[in-house]
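Asker: Sequence and predicted structure below; questions after.
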Amino acid sequence: MSSQVNTPPLPGPTVGTFAAEHLSPSYPERAARGTASKLRAWQAEALDLYFEKQPRDFLAAATPGAGKTTFALRLATELIARREIDQLIVVAPTEHLKKQWADAAHRVGIRLNPEFKNNEGFGGRRYHGVAITYAQVAMKPTHHRTMVESARTLVILDEIHHGGDALSWGDAIRESFEPATRRLSLTGTPFRSDTAPIPFVTYVRNEKGIRLSQTDYNYGYGHALADGVVRPVIFMAYAGKMRWRTKMGEEMEARLGQGDTKDVTSQAWRTALDPHGEWMPAVLKAADLRLTEVRHTIPDAGGLVIATDQTTARAYAELILQITGTVATVVLSDEKEASDRIETFAKSETRWMVAVRMVSEGVDVPRLSVGVYATSASTPLYFAQAIGRFVRARRRGETASIFLPSVPSLLALASNLEHERDHALDRDTSEDDGLLDDGLLDEANRSEKASETLPDEFVWQALESEANFDRVFYEGNEFGFAAETGSDEELDFIGLPGILEPEQVRELLQQRQARQSKRSASRPPSETPEPQALYRTLKEQRTLLNSLVGIRAKMGGEPHGIVHAELRRVCGGPAVGQASVTQLQARIDYLRRGMRS
């Protein structure tokens, strides 16, 4: 390979003014990914800053949908036109995104090879560069380093937080691209939820001594929303009663979103997502009604259900068929067929797509307007990437609606959507972020497989789930009150018009909440329900108590009898079989207090 790569000339004008003050924050119609002939204000401002500093490394953080690809490709064309670089390497998280980058680059006159293999040369004069994945880099870093050393290279690291996915990945990225002439790192999320360092990112200690990542240019969701670059997001939260059987054979019951222990919350969450219960069908039906309303003003609006695994994804698609009578596009893996399905869906008017986690990042389907967050992932990184699929605005007034379980950790993320985070290499142990540990959810999802090797134990099983509308979150504020699915109160909120300015969304939500309050006040008091038979009340109390005793025994490694003895000593009263409802409730309350402390 020669020491210098002669790249083909770029067609058309490539150098222009970057004066941000002459540009509007956004333009009325959203251009196709990477094709904008004019720059948004933030893109022009970031380019001004870049060429003012002329850095070797530059980290740009911009909210999903803001136009990071357009910014990066304009920067690349400028550097090539100024003869400061000779070749371009784009590193993306997935195979699908490689092709997405190549297509976008083609529209601005840059030829990228997304089919590049690790055993091939650079591609000669046919291409300006290559598009590869982080996994490719990790498999053969010396080969990529040789390519970088062969010519003056700009390396674009898309969603750079993936550089910390594994220690080997970070090491490979450093080894491969350390000799690069320029490196542009892009991210659209609050970085990582762990402390794995990210290559080519600068960390500076704050007043507490915690090392935080430093961006060179930051364009957050709040700023983009004010500029009209992205859509406002309305979160529709749904709660409900859940019942399940643990691996110990004990039946548990809890309300989704109720202040329980993290373990109980994760089990209730898992029960809600079970496609064989009543919660998922009710939420899918509500989401489809919302999509119908949006399609009155945006005829090609589409919906996306994000599932935890392939089995549930197929089951959700079957539910959609039963509810809507239409076939959903199912995307199960990051393979060629999956990429083709996503592209076909993006260009069609099909109502629904169901996908596992691969559609959570970078995938560009601007017509997505309604989402169902039916996955167990709860990290800020994953949540922000998932919601980012719905905020890409094509014209002002579009809104995004996300249906999600009423789980405290998710609701906290929804309320703080505009909060911008830096990646921390250290942990502040004095503060608890209140987020549900994904490990608990993963453990719950693995329990069935684990039980196969323990024939003397029960298999975890979702027994029953019910759904009810809980409330709406918008701009960090709550609107509405609990209501039955299918009720007028629920329809008031899911029936909001599809085209609204942010301030109109706020006003309508306030009006709907006031209407809901008036309805509730005008209703005649409901009849007092017939009291339940005493033996039924006692049975429910004993079942719940035994379930809590089982959890406490497992947490403390104690026999059930020891826990029961402690309850009688602290709370008083006879054995469970002879205890009254009041005595049983006192023991239940005692156990719950202990678990929450």
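Answerer: Received the coordinates, thanks.
Asker: From now on I want contacts and neighbour counts done on CA atoms only, so please keep to that.
Answerer: OK.
Asker: What segments of the stretch 51-200 of the chain are helices?
Answerer: 68-81, 95-107, 134-139, 141-149, 167-177 (DSSP state H, counting those that start in this stretch).
Asker: now swap in the stretch 301-450 of the chain and tell me
Answerer: For the stretch 301-450 of the chain, applying DSSP H, counting those that start in this stretch gives helices covering 310-324, 336-347, 380-388, 408-415, 438-451.
Asker: Kindly compare burial across these and name the winner.
Answerer: Here the criterion is mean neighbour count by mean count of other Cα atoms under 10 Å, and of these the winner is helix 380-388, at a mean of 22.
Asker: Can you check what angle separates that helix from helix 408-415?
Answerer: Helix 380-388 and helix 408-415 are oriented at 60 degrees to each other (axes from the mean of the first three to the mean of the last three Cα atoms, to 10 degrees).
Asker: circling back to that earlier point, could you dump the helices of the stretch 301-450 of the chain into TSV with distance to Arg515 and mean pLDDT added?
Answerer: As requested, those are exported to TSV (distance: least, Cα to Cα, whole Å; pLDDT from 0 to 100):
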stretch	distance to Arg515	mean pLDDT
helix 310-324	29	95
helix 336-347	37	84
helix 380-388	29	83
helix 408-415	23	88
helix 438-451	38	39
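Asker: Arg351: which of the helices of the stretch 51-200 of the chain is closest?
Answerer: helix 95-107 (21.6 Å; Cα to Cα).
Asker: Next one: the nearest residue to Ile234 once chain neighbours are set aside from Thr261, what distance?
Answerer: Sequence neighbours aside, Ser401 is the residue nearest to Ile234 in space, at 4.8 Å (criterion: Cα to Cα, 6 or more residues apart in numbering). Separation of Ser401 from Thr261 (Cα to Cα, to the nearest Å) stands at 29 Å.
Asker: One more: Ala239?
Answerer: 16 Å.
Asker: more neighbours, these two?
Answerer: More crowded of Ala239 and Thr261, by other Cα atoms under 10 Å: Ala239, with 26 against 15.
Asker: which one of the helices of the stretch 301-450 of the chain lies closest to Gly67?
Answerer: helix 380-388 (11.9 Å).
Asker: Please name every helix or strand in contact with that closest one.
Answerer: Helices and strands touching helix 380-388, by 3 or more Cα pairs under 8 Å, 6 or more residues apart in numbering; DSSP states H and E: there are none.
Asker: Point out where the stretch 101-250 of the chain drops to low pLDDT.
Answerer: 122-125, 164-167, 189-196 (pLDDT under 70).
Asker: what's the answer for the stretch 401-550 of the chain, then?
Answerer: Using pLDDT under 70, the stretch 401-550 of the chain drops low at 418-458, 522-538.
Asker: distance of the closest residue to Ala346 other than its chain neighbours from Ile323?
Answerer: Closest residue in space to Ala346, ignoring its immediate chain neighbours: Val365 at 5.2 Å, by Cα to Cα, 6+ apart. Per Cα to Cα, Val365 is found 23 Å from Ile323.
Asker: what's the answer for His96, then?
Answerer: Going from His96 to Ile323 by Cα to Cα gives 30 Å.
Asker: Now for Gly577, how many residues are close by?
Answerer: 10.
Asker: ok now do it, which residues does it touch?
Answerer: Counting by Cα atoms under 8 Å, 6 or more residues apart in numbering, Gly577 touches no other residue.
Asker: Kindly list the main-chain dihedrals of it?
Answerer: With angles defined as degrees, to the nearest 10, Gly577 sits at phi -60, psi -30.
Asker: Check it and give its pLDDT.
Answerer: In this model, Gly577 is scored at 76, pLDDT.
Asker: Distance of it relative to Arg542?
Answerer: Taking Cα to Cα, one finds Gly577 at 8 Å from Arg542.
Asker: hang on, the earlier thing: can you redo the helices of the stretch 301-450 of the chain as TSV with distance to Val233?
Answerer: Below are the helices of the stretch 301-450 of the chain laid out as TSV (distance: least, Cα to Cα, whole Å):
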stretch	distance to Val233
helix 310-324	23
helix 336-347	20
helix 380-388	8
helix 408-415	9
helix 438-451	24
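Asker: I figured the residue nearest to Ala346 was touching Ser348, is that so?
Answerer: No. The pair Val365 / Ser348 is not scored as a contact, 10.4 Å apart, by Cα atoms under 8 Å.
Asker: More neighbours: which of the two?
Answerer: Per other Cα under 10 Å, whichever of Val365 and Ser348 has more neighbours is Val365, with 19 against 13.
Asker: The more buried one: what's it in contact with?
Answerer: Ile342, Ala346, Arg389.
Asker: for Gln136, same thing?
Answerer: Contacts of Gln136 (Cα under 8 Å, 6+ apart): Asn118.
Asker: For stretch 297-312, what is the distance to the chain centroid?
Answerer: Using Cα atoms, centre = their mean, to the nearest Å, the distance from the centre of stretch 297-312 to the centre of the chain it belongs to is 13 Å.
Asker: That should have said stretch 552-572, apologies.
Answerer: That offset, for stretch 552-572, works out to 40 Å (Cα atoms, centre = their mean).
Asker: Please apply the same query to stretch 323-341.
Answerer: So, by Cα atoms, centre = their mean, the centroid of stretch 323-341 is 19 Å from its chain's centroid.
Asker: Test my guess that Val354 contacts Ala328.
Answerer: Yes. Val354 lies in contact with Ala328 (Cα under 8 Å); the separation is 6.7 Å.
Asker: quick one on the thing from earlier: out of the helices of the stretch 301-450 of the chain, which comes closest to Arg255?
Answerer: Ranking these by proximity to Arg255 (Cα to Cα) places helix 408-415 first, at 12.0 Å.
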